[in-house]
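Visitor: task: produce atomic coordinates for the following.
(chains A and B)
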Amino acid sequence: MTTATGAAGPRPPGMSDVAFRRWQARRRWSRAALVYVVMLAFGLLFVGPLLFATISSLRANPLDYPPRLDIAQLDPRNWAAAARLGVAGSGDRWFGGFAPGSSVPFEIRYFVPDSLQEEPPEAIVPRRRPGAGLGAVLDVEFAADHATVSEALLVESEAVTRRDEEGNEIPGAYQTYALEITYQADGPVVGRLPLDVTAVSGMEYVGSTLTATRLERRGRTASLDDVAPGVFGYVFYNYVRVFNEVRSPSTGQSLFAAWIVNSFRYAFYRIVVTLVLATLSGYALARLRFRGREVIFILVLFAQMIPDQVLFISNYLLLRDGIIDFGPFSLSALWGQPGGMLNSLTGLVFVTALNASAVFIMKQFFETIPREVEEAAAIDGAGHWGRFTRVVLPMARPALGALTILTFQGAWNEFFWSFIVLTSPEQIKTLPIGLLSFRNTYGGIGDWGLILAGAVLSALPVIVLFFVFQRYFLEGVSFGGGKE
Amino acid sequence: MRERRGDNLAAYLFLLPFLVLLVVFFGYAALRAVYFSFTDYDMFNPPSWVGLRNYRQLFESSLFLAALRNTVLYAVVVTAVQTFLALVMAAILNQRIKGINFFRSAYYMPSITSSVVITLIFLWMFQRRGLINYLIYQFERYLPIFGTFLLLAVALQVVQVLWERSRRLPAAWTDPALAVVSLLVAGAVTWVLNLVAVVAPSDVPPVDFIWLQTTDAVPAGAPFWLSIPIPLVAIMIQNVFTTVPTFMLMYLAAMQDVPTSHYEAAALDGAGPVQQFFAITLPSVRPVTFLVITLSTIGTLKMFDQVAVFGSAAPLQSMVTLAYFVYDRMFPGAQLPQVGFAAAAALFLAMLTLVFVLLQRRVISAEAS
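Guide: Now for the predicted structure:
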């Protein structure tokens, strides 16, 4: 690369050829090094927000200021503690829980200045309703109904001197208190065991077996969402909540799980419909000469450019009433859904079936297959259909693979039409609009942990697919020239 | 293969499913939109003809005017900024080195992820105490250190280049080998200066800028048609971020097709990297520029998802686009839907898109000749 040398001009007089070549080589290497650094910087910039959101989605409150990367959920000491506590609570080191007969030991450490009268903190298992919004109406078992918390006993005291903000020395001690939460009577296994430990004012929370989820009442109360979480339950607390807390008020079904299933079903239907339509019409446009070919071609181009907003008015009514509202003869009635095709995946598949760029991809691909291959089959007496199914389609396998993956991505990310067609009830939605209900329900109360966890989960399938089938995506970009 | 009689029938049989969809969901839909735009249809009562009333009323609706202003400014600013950035970034990276594929997948990440996910993440970052404000705050705090570093690096570079030139060596101002030295030395010196407290982070209060719940606009005091509401700026930043990498890679692919001999010839004529960029790179990637601008315009003019996801987080007036306006009139909550009005706005948007694209084609082909 010549711009790479950064040198414009000939060898200066008095410099040997070897020295000058070395001088130029230094330029090339330096430039390569700088380009790598810049590339890395760009990479960090573009992946940064996704990466940072993923890390923050593990935090109890992703809005905590300042934003940071060294979070309690990524601290291996907390993982070990979470596993131990999970085993103590229910014998499950991964998901934890609070089971009858169990006893969970917990230690908490404070800095107590010498000027302060030492007094053990008070611990209670609060009756905290998990989550608000969707599913808040559900009956849940509360650990508070089954747990007994022992008195906090001073088990260790270590004299230290700390400095306050002005730099004055404060003599005092680190005091560690131990307590135990027991489940004595018989009862159900409770999913989570929250704990609030309140100390007298002046005592300063330093740490505990498991890092406190948040400090309340000016640092007096150390509050934990779950003291028997298990490793998974601790690190992926928000992710477990996404599945458990958000439920349909009428059926009690996990909404997020339903959205995932719907998204996969919709993607599957879309792939089948797209493959059939795109191969059939792509073949006709690539191989057959017929009257009106140009007109159809222009129409397809035009269809790509018209904004969806022009079409959705009619198409929305079409799903509601059928082609023309003829009562019993409307399209939806014929289809066997008298309530119309709104709020159904079938309706969504119908309005999104028209995919002109998929037709173009297949047309372009079919044009690369040599005609001689087909002509040989034609001599053997095969008709268009025979040539299409027996000769052309088997050769198109790689293109069909690429199209499948691109269609999956398009369907998985599809927003506008789902937003119009799938409005209620919650359990019929697909992931993108489900996330929108998340945002509308939890964004207002600032519960971003749940929203980010849901967002990361829903981005995952496409990202995994992208890494596995990277080549196909890159082809898609050169085919379609951009995102859908 | 010549046209044969059987071909016509076969072709239409092959195309049948696609044509049915095209007629019903595209042709019929477009015609019906045109028809509705001349009626007062409200989804429940039969439509009656009102002539051009809907179109006239569009320009009396303050929400529509805001939507029109937002849409046009959004399209123009985003297209200009992301085309420029993509071009510059590609030019910086334009070198045949190994390992680009590894980075390529990182660059595609924002554009393959769903717009809802990206918008949610940005919505979170744009909160008052979010990442964006925090980064601005850190930037302001470390500005003295960063500025010192930059000044030192430039000064060192100038000194070194002058020295090399005095030895008759053909060093350009951007000489990479000297730049590496300048950056390393400047970094080390700044570090030491910071250590001995000659330069220190400045004592500024944390940034509390409101990105979302605001009706403010930039530039302050600009006339209605030129002022960009702050929440729209947030959406612009998000869109540039998501689309720039894709466009940059398109540019990069085109740049790597430019024959090396062109640059060699220019270098012999004494052209520096900047002159080479304007004389060789820019003209050879013209087709990509056209493609990028067209794609970007079509994409930005129909911006919808971000407004829907922002929802109640920002005032509607400050981010509404034409696409969202159409939706808003179709489903206006408690009021009766204004289908005719919505259809008129939708057709206006379609016309606007067409005009924009044709105009660009004109301008770019005129420039080429």
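Visitor: contact partners for the spatially closest residue to B:Asp257 that is not a sequence neighbour?
Guide: With Cβ to Cβ, 6 or more residues apart in numbering or on different chains as the criterion, B:Asp257 has its nearest non-adjacent residue at 7.8 Å, and that residue is B:Ser284. (C-beta placed from N, C-alpha, C; glycine too.) Shown in contact with B:Ser284 (Cβ atoms under 8 Å, 6 or more residues apart in numbering or on different chains): B:254-255, B:257-258, B:262.
Visitor: in helices only, show me these.
Guide: Filtering the contacts of B:Ser284 for membership in helices, criterion DSSP state H, returns B:254-255, B:262.
Visitor: wait, which of those residues is closest to chain A?
Guide: Distance from chain A was checked for each of those by Cβ to the nearest Cβ. The minimum falls on B:His262, at 8.8 Å.
Visitor: which pLDDT value goes with the closest one?
Guide: At B:His262, the predicted lDDT confidence score is 87.
Visitor: for it, which non-adjacent residue is spatially closest?
Guide: Computed as Cβ to Cβ, 6+ apart, the closest residue to B:His262 that is not its neighbour in sequence is B:Ile280, at 5.1 Å.
Visitor: now the contacts of B:Ser284: which count as buried?
Guide: Judged by neighbour count, with 16 or more other Cβ atoms under 10 Å in any protein chain shown as the criterion, the buried members of the contacts of B:Ser284 are B:254-255.
Visitor: using CSV, lay out the contacts of B:Ser284 together with distance to A:Arg247.
Guide: Converted to CSV, these look like this (distance: Cβ to Cβ, whole Å):
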residue, distance to A:Arg247
B:Ala254, 51
B:Met255, 53
B:Asp257, 55
B:Val258, 58
B:His262, 64
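Visitor: biggest separation within the contacts of B:Ser284, which pair?
Guide: The largest distance within the contacts of B:Ser284, taken as Cβ to Cβ, falls between B:Ala254 and B:His262 and amounts to 13.5 Å.
Visitor: what's in contact with stretch B:325-332?
Guide: Contacts for stretch B:325-332 (Cβ under 8 Å, 6+ apart): A:309, A:312-313, A:316, A:420, B:63-64, B:67, B:304, B:308, B:316, B:320, B:337-339, B:341-342, B:345-346, B:349.
Visitor: doesn't A:Thr182 belong to a strand?
Guide: Yes - secondary structure assignment (DSSP: H, G, I helix; E, B strand; the rest coil) places A:Thr182 inside a strand.
Visitor: pull out the buried residues from stretch A:52-66.
Guide: Neighbour count says stretch A:52-66 has A:52-60, A:62-63 buried, by 16+ other Cβ under 10 Å.
Visitor: closest one of the residues you listed to chain B?
Guide: Ranking those by separation from chain B, with Cβ to the nearest Cβ as the measure, puts A:Ala53 on top at 4.4 Å.
Visitor: how about the contacts made by that closest one?
Guide: Taking Cβ under 8 Å, 6+ apart as the contact definition, A:Ala53 lies against A:62, A:452, A:455-456, B:121, B:124-125.
Visitor: quick one, phi/psi of B:Ala271?
Guide: Backbone torsions for B:Ala271, taken as degrees, to the nearest 10, come to phi -80, psi 130.
Visitor: that one - how many residues pack around it?
Guide: B:Ala271 is surrounded by 18 other residues when neighbours are defined as other Cβ atoms under 10 Å in any protein chain shown.
Visitor: still on that earlier bit, where does the residue nearest to B:Asp257 land on pLDDT?
Guide: Each residue has a pLDDT score; the one for B:Ser284 is 91.
Visitor: state the distance from it to B:Phe277.
Guide: Applying Cβ to Cβ, to the nearest Å, the value for B:Ser284 to B:Phe277 is 11 Å.
Visitor: on that earlier part again, now rank the contacts of A:Ala53 by neighbours and give me the top one.
Guide: Each of the contacts of A:Ala53 was scored for neighbours by other Cβ under 10 Å, and A:Ala455 scores highest at 31 neighbours.
Visitor: what's the pLDDT at that one?
Guide: Confidence per residue is given as pLDDT, and for A:Ala455 that number is 97.
Visitor: so which residues of the chain form strands?
Guide: Defaulting to chain A. Along chain A, the stretches classed as strands by DSSP state E are A:103-113, A:122-124, A:147-149, A:153-163, A:169-183, A:195-198, A:204-208, A:214-216, A:221-224.
Visitor: that's the wrong chain, I wanted chain B
Guide: Counting by DSSP E, chain B forms strands over residues B:217-218, B:228-229, given from the N-terminal end onward.
Visitor: out of those, deepest packed?
Guide: Neighbour counts (mean count of other Cβ atoms under 10 Å in any protein chain shown) averaged over each of the strands of chain B peak at strand B:228-229, with a mean of 20.
Visitor: against which helices or strands is that strand packed?
Guide: Here strand B:228-229 touches helix B:62-93, strand B:217-218, going by 3 or more Cβ pairs under 8 Å, 6 or more residues apart in numbering or on different chains; DSSP states H and E.
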